[in-house]
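Chemist: Okay, predicted coordinates and the sequence, questions at the end:
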Amino acid sequence: MIDIRSDTVTKPTPAMRAFMANADVGDDVYREDPMVRALEEETAALLGKEAALYVPSGTMSNQIGVWVNTREGDEVICERDCHIYNYEAGAPALLSRVLMKTLQGARGVISAAQVEEAVNPSNIHAAATTLVCLENTHNKAGGTIYPREEMERISDLCKRADMRLHLDGARLWNASAATGIPERDYAELADTVSVCFSKGLGAPVGSALCGSQEVIERARRKRKILGGGMRQAGIIAAGALYALRNHRTRLVEDHANARRLAEAVNELPGIKVDLEGVHTNIVMIEITGNATAQQVSTMMKEEGVLINAMRPKVLRAVTHLDVSSGDVEKAIEAFARISRKIRS
Ligand SMILES: Cc1ncc(COP(=O)(O)O)c(C=O)c1O
């Protein structure tokens, strides 16, 4: 099976497994796990932040990020299709007890002007707007890259208006690989940054929240509250460390594969791709022919390709380190056969 449902499906490589098997471990709640410490230090250094905290998932990382940056009853501004609001099980309401104000972005990007207009006035009637969350790259918009200049304008606005900025950088590695802008140049614009090791980088488990020493100390306590204080976590942190050291530069291969897939299927009758929206390793594939995305997903499975339907007429394909250029050619051939059945 060729699996292009998500970049979360990757399995540890033999070299990564060997590194994990030999990992020196300790009790990380006592802060005695050398692998976790190395991972946190290297991640923080790469992002130009004082500290990082290893957590089990991107969801936990984001939600601790929201939690440490807000107080109960505050309002958080985010883009309508962002992960934090849509796919984290309502956690901002449950954990941080904040209101979310969603703004319609263009390919996942909200502007500083939109944010400025959405900030509540500071009077007793309104919730205090204290946090803005951005996502780079933006998953549901199709792996789109946030222009750094727009992020900078939002970051400046946050400073002026005494608001914090959290960056969901689950795929920040992809943005940096595609643009050549180092991760730290994006990260410097945000107070807290969440990065994932278990997406394009191919580690089996984990994410990190990065920020100032003070914020990360508070985050450590929140992680404990959530049951995310792990013991000999070095076994899994080693996979993340291996991925961080070895798998960032190869992301451009995934991007080239995604572009090839996008351009080829866009030529097929009954199928359309917004090529300008393909920036990294995600391709949103619209079915203009006579079938739903779910039906096409089922037909693709029969062809040996796993792909998810994201909207009634839109599929999402994600390339990653377990998808070769040959696999992409096979997926294109499968789409071509299906195209002949669904063209209207
Ligand atoms: C943009 C983004 N943020 C956060 C997450 C959450 O990560 P996790 O599945 O590790 O909780 C995802 C997951 O796909 C994501 O795409």
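Modeler: All right, it came through fine.

Chemist: ok, now which ones touch whichever residue of the stretch 51-200 of the chain sits closest to the ligand?
Modeler: When scored by CB to the nearest ligand atom, the stretch 51-200 of the chain has residue 58 as its residue closest to the ligand, at 2.5 Å. Any C-beta I mention is one placed from the backbone N, CA and C, and that applies to glycine too. Residue 58 sits next to 83, 168, 170, 194, 196, 198, 199, 207 when contact means CB atoms under 8 Å, 6 or more residues apart in numbering.

Chemist: Keep only those of those that are in strands.
Modeler: Taking DSSP state E as the definition of strands, the contacts of residue 58 contribute 168, 194, 196, 207.

Chemist: What's the local residue count around whichever residue of the stretch 201-344 of the chain sits closest to the ligand?
Modeler: Closest residue of the stretch 201-344 of the chain to the ligand, CB to the nearest ligand atom: residue 207 (5.8 Å). Residue 207 has 28 neighbours, counted by other CB atoms under 10 Å.

Chemist: give the contact list for it.
Modeler: Counting by CB under 8 Å, 6+ apart, residue 207 touches 54-58, 60-61, 170, 194-198.

Chemist: which residues of the chain fall in helices?
Modeler: Under the criterion DSSP state H, the chain contains helices at 14-21, 34-47, 58-69, 83-86, 91, 112-118, 148-160, 172-179, 183-187, 213-225, 234-246, 251-266, 293-302, 325-342.

Chemist: just checking, which of those helices sits deepest inside the structure?
Modeler: Highest mean neighbour count among these (mean count of other CB atoms under 10 Å): helix 58-69, with a mean of 26.

Chemist: next one: that helix to chain centre, how far?
Modeler: 13 Å (CA atoms, centre = their mean, to the nearest Å).

Chemist: go on, stretch 310-320?
Modeler: A distance of 15 Å separates the centroid of the chain from that of stretch 310-320, by CA atoms, centre = their mean.

Chemist: Number the residues from 353 up from this point.
Modeler: That works, and once the first residue is 353, the last one we named lands at stretch 662-672.

Chemist: and it, how far apart are its ends?
Modeler: Its first and final residues considered, stretch 662-672 spans 18 Å by CA to CA, to the nearest Å.

Chemist: Look up the pLDDT of the nearest residue to residue 603 once chain neighbours are set aside for me, please.
Modeler: Distance criterion CB to CB, 6 or more residues apart in numbering; nearest residue to residue 603, sequence neighbours excluded, is residue 529 at 3.9 Å. For residue 529, the pLDDT comes out at 98.

Chemist: farthest-separated two in the contacts of residue 559?
Modeler: 406 and 522 (14.8 Å; CB to CB).

Chemist: would you turn the ones in strands among the contacts of residue 410 into a markdown table with pLDDT?
Modeler: Listed next are those as a markdown table, based on pLDDT from 0 to 100:
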| residue | pLDDT |
| --- | --- |
| 520 | 99 |
| 546 | 99 |
| 548 | 98 |
| 559 | 98 |
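
Chemist: Max pairwise distance over these: which two?
Modeler: Distances among the ones in strands among the contacts of residue 410 were taken as CB to CB; the most separated pair is 520 and 559, at 10.0 Å.

Chemist: So for these two, which residues contact both of them?
Modeler: Common neighbours of residue 520 and residue 559 (CB under 8 Å, 6+ apart) are 410, 546.

Chemist: wait, which of the helices of the chain is closest to residue 489?
Modeler: Residue 489 sits nearest to helix 524-531 of all the helices of the chain, at 5.1 Å, using CB to CB.

Chemist: okay, the angle between the closest one and helix 386-399?
Modeler: Using axes from the mean of the first three to the mean of the last three CA atoms, to 10 degrees, the direction of helix 524-531 lies 40 degrees away from that of helix 386-399.
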